[in-house]
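>>> Got a sequence here, can you build the structure:
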Amino acid sequence: MTRRVTPAGFILALLLFLFLPFAAASCDVPADSSTAAGTIEMSLTGADLIASRERLDTTGGLALTPAQQSRATAGFHMTTVVQILAILAAAAMVVGAATALARTVRVRAVAALVAAGGAIVVLAVTEYLTVERLTELAEYVLLLGTYLPQVEGKDLDGRIGEVVHIGLGFWLAVALLVLIIAVNVVVLVGSRRRSPAGLS
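I've put the predicted structure just below:
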């Protein structure tokens with residue numbers, strides 16, 4: 001169990017964190033007589049946070065040219081703290097996968113518990129800071145009116161519905177880490193009831 005299932009769980013949690021949406025923000029502007037409905041959205045995976053890679057996606061009446069897209073994205077970045085925390089979260093899961101190398105059941109289980117617990121804490125803090133930063137996206141979107149003909153002169157304050165989402169990647173990774181903790185607690189309790197000969 002601790003040699004195979006636990007490392008596989010950590011690796012899967014890492015993949016979920018890296019490649020599924022970790023957090024996202026979207027702003028919708030409804031259509032009017034002169035402009036089609038449009039959306040501005042930023043979705044971030046764990047890999048995006050680690051690489052400090054942000055991309056603002058736009059559609060409909062708010063669609064941007066490549067040059068405008070570059071300018072818009074350049075104006076919004078996650079903090080260095082978020083990047084460091086994302087790296088630490090990934091590192092904790094890698095360490096968790098490496099616990100299979102420990103010689104005894106107890107050491108493997110305890111190490112997995114520490115790694116999983118640490119990863120959950122770091123993921124939670126990373127998510128909080130990421131969502132906090134994404135809530136600023138609405139204010140940033142209002143600035144687009146200074147150079148986008150599509151929205152210039154319009155009252156966006158009363159028309160933009162801003163929604164910040166905690167991504168599926170966060171929930172699934174945390175759920176899997178909690179499951180790893182539960183499994184290893186059971187293994188650890190069971191190992192204490194066995195003879196020393198059965199602990200290797």
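>>> okay, CA-based contacts and neighbour counts for the rest of this
OK.
>>> In this protein, what helix or strand scores lowest on average pLDDT?
helix 137-143 (a mean of 65; mean pLDDT, DSSP states H and E).
>>> so who does residue 137 touch?
The contact partners of residue 137, by CA atoms under 8 Å, 6 or more residues apart in numbering, come to 25, 76.
>>> ok so residue 28 is a strand residue?
Yes: secondary structure of residue 28 (DSSP: H, G, I helix; E, B strand; the rest coil): part of a strand.
>>> partners of it in the sheet?
Residue 28 forms beta bridges with residue 39, residue 161, as assigned by DSSP bridges.
>>> which intervals of this protein have sub-threshold pLDDT?
1-2, 29-37, 61-62, 64, 72-73, 75, 138-162, 194-200 (pLDDT under 70).
>>> Now do the SS call for the most centrally placed residue in the chain.
In the chain, the residue lying closest to the centroid (CA atoms, centre = their mean) is residue 22, at 2.5 Å. Residue 22 falls in the strand class when you classify it by three-state DSSP.
>>> Please tell me I have it right and it contacts residue 173.
No: shown here, residue 22 and residue 173 do not form a contact pair, counting by CA atoms under 8 Å, at 9.6 Å.
>>> Which parts of this structure are helices?
Ranges of helices in the chain, per DSSP state H, are 5-19, 46-51, 66-74, 80-98, 105-134, 137-143, 168-192.
>>> and these as a markdown table, adding distance to residue 57?
Converted to a markdown table, the helices of the chain look like this (distance: least, CA to CA, whole Å):
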| stretch | distance to residue 57 |
| --- | --- |
| helix 5-19 | 18 |
| helix 46-51 | 14 |
| helix 66-74 | 8 |
| helix 80-98 | 21 |
| helix 105-134 | 14 |
| helix 137-143 | 12 |
| helix 168-192 | 19 |
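>>> Among those helices, which comes closest to residue 28?
Minimum separation from residue 28 across these (CA to CA) falls at helix 137-143, 10.2 Å.
>>> Tell me which of the helices of the chain sits nearest to residue 40.
When these are compared by CA to CA, helix 137-143 sits nearest residue 40, at 8.0 Å.
>>> thinking again about what came up before, name the nearest residue to the residue nearest to the centre of the chain, sequence neighbours excluded.
Spatially, and ignoring its direct neighbours in sequence, residue 22 is nearest to residue 167 (4.2 Å; CA to CA, 6 or more residues apart in numbering).
>>> ok, the one you found - contacts?
20-24.
>>> next one: residue 43
Residues near residue 43 by CA under 8 Å, 6+ apart: 21-25, 55-56.
>>> Now the two most distant members of these.
For the contacts of residue 43, the farthest-apart pair by CA to CA is 22 and 56; their separation is 15.2 Å.
>>> How many neighbouring residues does residue 93 have?
Residues lying near residue 93 (other CA atoms under 10 Å) number 28.
>>> try residue 57
Around residue 57 there are 17 other residues, counting by other CA under 10 Å.
>>> What residues are bridge-paired with it?
Per DSSP bridges, the residues bridged to residue 57 are residue 41.
>>> okay, how far is it across stretch 99-111, tip to tip?
From its first residue to its last, stretch 99-111 covers 6 Å (CA to CA, to the nearest Å).
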